[in-house]
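>>> Pasting the sequence and the predicted model now:
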Amino acid sequence: MSAGVLLLTAILALLGGALGMALRRFGALRLWPVGILILTAPLEIYRTNLGTFNLSLFRMALVCAGALTVLDFIRRSTRAWRIPAPLLPYGLVLVVQAASLALVSTNRTLGYRYFSQYLGGLAAAVVIAYWARRRDLKTIIVLFLSGATLPAIGAAWRVLSVAAGGNGSLPGVSLLPVDPSVAAERGRAFYLPGGAQRMQSTFNDPNHFGFFAATVLCIGLAALLTVVLERRDRSGPRLIVATAAAVATLSLALIGSYSRSAWLLAGASTILLASLIGVPLWRRLTDLRLVAAVGIVLSLGVLVVAPVVANRVNPSNSGTAVSNAEHSRTLRIAAQLAVDHPLTGVGFGSYGQYAGEPLLVSSAHSTFFTTAAELGLPGLFLLIASMGLAAGYGAREARRAPDPFRRVLLAGLVGSYGGLAIANIFYEVWFDDFQWVIYGAVLTLTCPPQLVLRRAMSRRVPLPAFTWQHGTASPIP
């Protein structure tokens with residue numbers, strides 16, 4: 001076993017041990033498979049080569065969580081596995097991708113790589129849907145906020161390292177051998193034309209870090225609103241201060257990524273959060289002293305941030321102009337390919353060859369445009385169907401929640417997922433591991449199971465039994 005694999009194993013053991021002790025203290029050890037996926041998903045650059053296979057910390061965590069899931073399913077003779085409805089069209093997306101690889105694709109090397117990422121991500125969502133229950137909402141929200149701790153530390157480390165004359169590399173990364181192209185990406189710092197360093201933390205790309213920060217920021221805002229709502233009952237000032245500090249840290253990370261798509265995600269998520277909470281609940285949150293304090297903080301923040309944002313989005317800025325031109329070019333090519341090949345696309349993983357991209361890159365800077373170009377309209381329809389079902393069920397569950405605390409937290413989770421889906425129109429992060437854990441959480445906390453799988457222990461019925469059910473699942477007779 002290589003030194004890189006041993007290092008990843010040691011990191012995973014430390015994270016898993018700390019997570020296990022924390023969950024056991026709060027009586028939620030059952031959620032260990034969910035927590036380890038949430039904690040490792042943003043640690044993107046911690047990966048190494050195992051032969052020809054690229055092994056990441058998240059994939060190692062997925063193997064452990066998946067093994068526990070299979071063992072638990074076998075052990076429980078009466079276990080009913082509730083499969084949320086949006087997983088069904090996603091399964092069909094995998095079928096379309098496999099057919100495209102076999103029959104259409106001209107870049108199967110990249111196609112197989114993307115297919116394995118999709119398959120692994122969907123497996124992570126299934127694992128989360130298996131272990132988590134709707135009553136686990138608060139615990140899962142805490143896990144997401146805890147999962148942002150290491151990326152926040154990593155972002156500060158990189159900035160301080162460069163300021164001290166270093167290369168901005170994170171501890172241990174140099175001990176993880178990877179392909180030269182990957183090593184060059186994860187080891188370099190990103191700068192704007194004016195010289196400002198972009199935060200990227202534990203991600204290869206600042207845009208991906210920005211998407212992660214914006215996604216968790218919406219969840220953090222919901223948590224902050226919840227503790228404010230509870231302040232007269234159980235929440236003390238320490239909890240409010242701690243949650244506000246987490247929100248402020250995520251806001252700085254989002255701004256420091258200088259990602260316009262991530263800023264769009266944050267805006268869309270916040271609007272969705274506000275709309276899902278509803279007017280009656282906003283009235284309960286209204287407090288003149290609180291409104292005044294928030295107004296002052298926001299005003300000071302706008303004064304500091306406005307020049308940075310204005311300069312970054314200014315189309316006459318040299319860096320912004322180059323980025324806009326490249327994105328427009330790739331989108332036009334993808335749209336034309338979708339028109340020319342509406343039923344089959346050009347093949348999974350093959351778009352990059354038409355856009356003059358490197359062999360291991362195939363992206364139109366838009367998840368939807370890339371999917372339309374590579375898989376045609378059927379693949380695009382199935383992708384949108386799965387996204388739409390998850391977001392629709394989530395929004396309905398949030399609006400119907402009778403408990404105000406649950407409603408706010410669900411609004412934050414669904415708002416972050418909805419904003420992530422909207423922002424993928426203008427950038428492509430749908431393959432990222434953290435997207436899949438958000439997706440899995442939305443599925444299990446908001447979507448009613450449509451298909452129930454129960455392991456049959458009887459010798460007379462050796463195969464799994466399937467049944468369609470609407471609404472809440474009930475045991476299969």
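Arrived safely. The model shown is predicted, which means the values in this text are computed figures rather than measured ones.
>>> Cys218 contacts Ile271, doesn't it?
No. Using C-beta atoms under 8 Å, Cys218 is not in contact with Ile271; the gap is 10.1 Å. Where you see a C-beta, it was placed from the backbone N, CA and C, and this is true even at glycine.
>>> okay, those two: which has more neighbours?
Cys218 (28 against 14; other C-beta atoms under 10 Å).
>>> Check which element follows the helix or strand where the more buried one lies along the chain.
Element membership for Cys218, per DSSP states H and E: helix 206-229. Counting by DSSP H and E, the element after helix 206-229 in chain order, helix or strand, is helix 237-256.
>>> which residues sit against that following helix?
With contacts defined as C-beta atoms under 8 Å, 6 or more residues apart in numbering, helix 237-256 is touched by 145, 148, 151-152, 155, 159, 198-199, 201, 209-210, 213-214, 216-217, 220-221, 223-224, 227-228, 231, 262-263, 266, 301, 305, 308-309.
>>> re earlier: quick one: mean pLDDT for the helix holding Cys218?
Average pLDDT, helix 206-229: 90.
>>> what's the answer for stretch 68-76, then?
The average pLDDT for stretch 68-76 rounds to 85.
>>> Is there a neighbour count for Phe348? I'd like the number.
The tally of other residues near Phe348 (other C-beta under 10 Å) stands at 29.
>>> likewise Gly165?
Quick note: Gly165 (other C-beta under 10 Å) scores 6 neighbours.
>>> And it, its phi and psi?
Note on Gly165: backbone dihedrals following degrees, to the nearest 10 are phi 100, psi 10.
>>> now do the one 4 residues further on
Here the main-chain torsion angles of Ser169 (degrees, to the nearest 10) amount to phi -80, psi 150.
>>> just for the stretch 1-150 of the chain, where's the confidence low?
For the stretch 1-150 of the chain, the stretches with pLDDT under 70 are 1, 77-82.
>>> Now with 80, please.
Low-confidence segments of the stretch 1-150 of the chain (pLDDT under 80): 1, 51-53, 76-85.
>>> Which other helices and strands does the longest helix anywhere in the chain contact?
Ranked by number of residues, the top helix in the chain under DSSP state H is helix 367-400. On a contact count with 3 or more C-beta pairs under 8 Å, 6 or more residues apart in numbering; DSSP states H and E, helix 367-400 meets helix 87-103, helix 260-277, helix 318-340, helix 351-354, helix 404-423, helix 433-446.
>>> and of these, who's closest to Met60?
Closest of the helices and strands packed on helix 367-400 to Met60 is helix 433-446, at 11.8 Å (criterion: C-beta to C-beta).
>>> That closest one to helix 367-400, inter-axis angle?
Relative orientation of helix 433-446 versus helix 367-400 (axes from the mean of the first three to the mean of the last three C-alpha atoms, to 10 degrees): 30 degrees.
>>> Remind me what helix 433-446 packs against, helices and strands.
helix 32-40, helix 108-131, helix 137-147, helix 206-229, helix 367-400, helix 404-423.
>>> State the mean pLDDT of that helix.
89.
>>> With only the CA atoms kept, save it in CSV.
Taking C-alpha atoms only, helix 433-446 is exported to CSV below (Å, rounded to 0.1, in the frame of the first residue of the first chain):
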residue,chain,number,x,y,z
ASP,A,433,-19.3,15.4,-4.2
PHE,A,434,-20.9,18.1,-2.0
GLN,A,435,-23.8,18.4,-4.5
TRP,A,436,-24.6,14.7,-4.0
VAL,A,437,-24.8,14.9,-0.2
ILE,A,438,-27.1,18.0,-0.4
TYR,A,439,-29.2,16.0,-2.9
GLY,A,440,-29.3,13.0,-0.6
ALA,A,441,-30.3,15.1,2.4
VAL,A,442,-33.2,16.8,0.5
LEU,A,443,-34.4,13.4,-0.7
THR,A,444,-34.6,11.8,2.7
LEU,A,445,-35.9,14.9,4.6
THR,A,446,-38.6,16.1,2.2
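>>> how far is it from where the chain is centred?
8 Å (C-alpha atoms, centre = their mean, to the nearest Å).
>>> from what I can see Tyr351 touches Leu375, true?
No. Judged on C-beta under 8 Å, Tyr351 makes no contact with Leu375 at a distance of 9.9 Å.
>>> What pLDDT is listed against the closest residue to Tyr258 other than its chain neighbours?
With C-beta to C-beta, 6 or more residues apart in numbering as the criterion, Tyr258 has its nearest non-adjacent residue at 4.7 Å, and that residue is Arg198. We have a pLDDT of 87 for Arg198.
>>> now swap in Leu239 and tell me
Leu239 is assigned a pLDDT of 83 by the prediction.
>>> What is the neighbour count of it?
Residues near Leu239, counting by other C-beta under 10 Å: 17.
>>> For Pro378, see how far away it is.
To Pro378, Leu239 is 48 Å away according to C-beta to C-beta, to the nearest Å.
>>> cool, Ala248 as well?
Distance from Ala248 to Pro378, by C-beta to C-beta: 44 Å.
>>> Those two: which is more packed in?
Of the pair Ala248 and Pro378, Pro378 is the one with more neighbours under other C-beta under 10 Å, namely 18 against 15.
>>> ok now do the nearest residue to that one once chain neighbours are set aside, which residues does it touch?
Nearest non-adjacent residue to Pro378, counting by C-beta to C-beta, 6+ apart: Val96, 6.0 Å away. With contact set as C-beta under 8 Å, 6+ apart, Val96 has these partners: 375, 378-379, 382.
>>> out of those, which are buried?
375, 378-379, 382 (16 or more other C-beta atoms under 10 Å).
>>> what's across from Tyr191 in the sheet?
Residues in a beta bridge with Tyr191, per DSSP bridges, are Gln197.
>>> what about it, how many neighbours?
Tyr191 has 14 neighbours, counted by other C-beta under 10 Å.
>>> so how far is Val159 from it?
Counting by C-beta to C-beta, the separation of Tyr191 from Val159 is 12 Å.
>>> now do His208
In terms of C-beta to C-beta, His208 sits 17 Å off from Val159.
>>> Which of these two has more residues huddled nearby?
Set His208 next to Val159 and count neighbours by other C-beta under 10 Å: His208 wins out with 25 against 18.
>>> give me every residue that touches the more buried one.
Neighbour list for His208: 44, 200, 429, 432 [criterion: C-beta under 8 Å, 6+ apart].
>>> Name the nearest residue to the last one, sequence neighbours excluded.
This means Asp432. Closest to Asp432 by C-beta to C-beta, 6+ apart is His208, at 5.8 Å.
>>> What's the separation between that neighbour and Asn314?
Counting by C-beta to C-beta - His208 and Asn314 are separated by 23 Å.
>>> Check Asp136 too.
44 Å.
>>> Between the two, point out the one with more neighbours.
Between Asp136 and Asn314, counted using other C-beta under 10 Å, Asp136 has the larger neighbour count: 18 against 12.
>>> That one contacts Ala28, correct?
Yes. Contact criterion C-beta under 8 Å: Asp136 and Ala28 qualify, at 7.1 Å.
>>> returning to that earlier point: determine which two of the buried ones among the contacts of Val96 are furthest apart.
For the buried ones among the contacts of Val96, the farthest-apart pair by C-beta to C-beta is Leu375 and Leu382; their separation is 8.3 Å.
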